[in-house]
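Asker: Give me the fold of what follows.
(chains A and B)
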Amino acid sequence: DTGVSQDPRHKITKRGQNVTFRCDPISEHNRLYWYRQTLGQGPEFLTYFQNEAQLEKSRLLSDRFSAERPKGSFSTLEIQRTEQGDSAMYLCASSLGVSPNEQFFGPGTRLTVL
Amino acid sequence: AQSVTQLGSHVSVSEGALVLLRCNYSSSVPPYLFWYVQYPNQGLQLLLKYTSAATLVKGINGFEAEFKKSETSFHLTKPSAHMSDAAEYFCAVSVQGAQKLVFGQGTRLTINP
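Answerer: Residues are numbered from 1 along each chain as shown, chains lettered A, B, ... in the order given. Now for the predicted structure:
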């Protein structure tokens, strides 16, 4: 097992464009999380899935953001009509879902919106 | 709701000196506490975790942390700093039944030769 992977690692886009990121969790993990990290800050929770069901969404996840995990394996995070304020590192994590819910993080996707 | 405060956004120590990174938490129920390390342009790697089994927790790379309920603290220490310890360190809290981790703002550790 190679851990959590994310693609792409870097994305530069122009304001108003749509972007999509992919996360592949550790294979036996049924829970998958998305976090956003801005410069100089700690990661902030966006949303999480248990298998294919999206069970919690943060108020940070505006209606321009949508996340899916269609078959309970990989997940995608799409941002529509990107804004400069969306520039951040988007981190994916996965876990077995058993307390204390230790989460394993991927390398992140760094988004720059020009 | 849980929260974490990391005192000191930037800590600088000499190689071989003691490393002390401070973390205070707030939680109305017994917490789970974590320390993660982040190297430049990389994701987060778990250093250690507190799950109520023992108050002194040993982690990877020679780090350890002590849970002090009376002080609501979970400070990270290492007796002797190495150059390779230079990174950003994050303290995080969770509770049983919760899914998300709540992170502090991070502490950037610089090691001086």
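Asker: separation between the residue of chain B found nearest chain A and A:Ala53?
Answerer: The minimum distance from chain B to chain A, using CB to the nearest CB, falls at B:Phe103 (3.2 Å). For the C-beta atoms, the positions are set from N, CA and C on the backbone; glycine is no exception. Separation of B:Phe103 from A:Ala53 (CB to CB, to the nearest Å): 24 Å.
Asker: Which one's more surrounded, these two?
Answerer: Neighbours were tallied for B:Phe103 and for A:Ala53 using other CB atoms under 10 Å in any protein chain shown; the higher tally belongs to B:Phe103 (23 against 9).
Asker: can you list the weak-confidence ranges in chain A?
Answerer: A:1 (pLDDT under 70).
Asker: near chain B, which residues of it?
Answerer: When proximity is defined as CB under 8 Å from any CB of the partner chain, chain A approaches chain B at A:4, A:6, A:31, A:33, A:35, A:40-45, A:48, A:55-56, A:58, A:91, A:93, A:99-108, A:110.
Asker: which among the residues you listed end up buried?
Answerer: The neighbour count (16 or more other CB atoms under 10 Å in any protein chain shown) marks A:4, A:6, A:31, A:33, A:35, A:42-45, A:48, A:58, A:91, A:93, A:100-108, A:110 as buried among those.
Asker: Show only the entries of these found in helices.
Answerer: Within these, no residue falls in helices by DSSP state H.
Asker: just to revisit the earlier point, ok, now which ones touch the closest residue in space to the residue of chain B closest to chain A that isn't next to it in sequence?
Answerer: Closest residue to B:Phe103 apart from its sequence neighbours, by CB to CB, 6 or more residues apart in numbering or on different chains: A:Gly42 at 3.2 Å. By CB atoms under 8 Å, 6 or more residues apart in numbering or on different chains, the residues touching A:Gly42 are B:Val4, B:Phe90, B:Ala92, B:Phe103, B:Gly104, B:Gln105, B:Gly106.
Asker: I'd like those residues written out as JSON lines, with secondary structure and pLDDT added.
Answerer: Listed next are the contacts of A:Gly42 as JSON lines, based on DSSP: H, G, I helix; E, B strand; the rest coil; pLDDT from 0 to 100:
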{"residue": "B:Val4", "secondary structure": "strand", "pLDDT": "95"}
{"residue": "B:Phe90", "secondary structure": "strand", "pLDDT": "97"}
{"residue": "B:Ala92", "secondary structure": "strand", "pLDDT": "96"}
{"residue": "B:Phe103", "secondary structure": "strand", "pLDDT": "96"}
{"residue": "B:Gly104", "secondary structure": "coil", "pLDDT": "96"}
{"residue": "B:Gln105", "secondary structure": "coil", "pLDDT": "95"}
{"residue": "B:Gly106", "secondary structure": "coil", "pLDDT": "96"}
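Asker: which two in those residues are spaced the farthest apart?
Answerer: Across those, no pair lies farther apart than B:Ala92 and B:Gln105, at 11.3 Å, counting by CB to CB.
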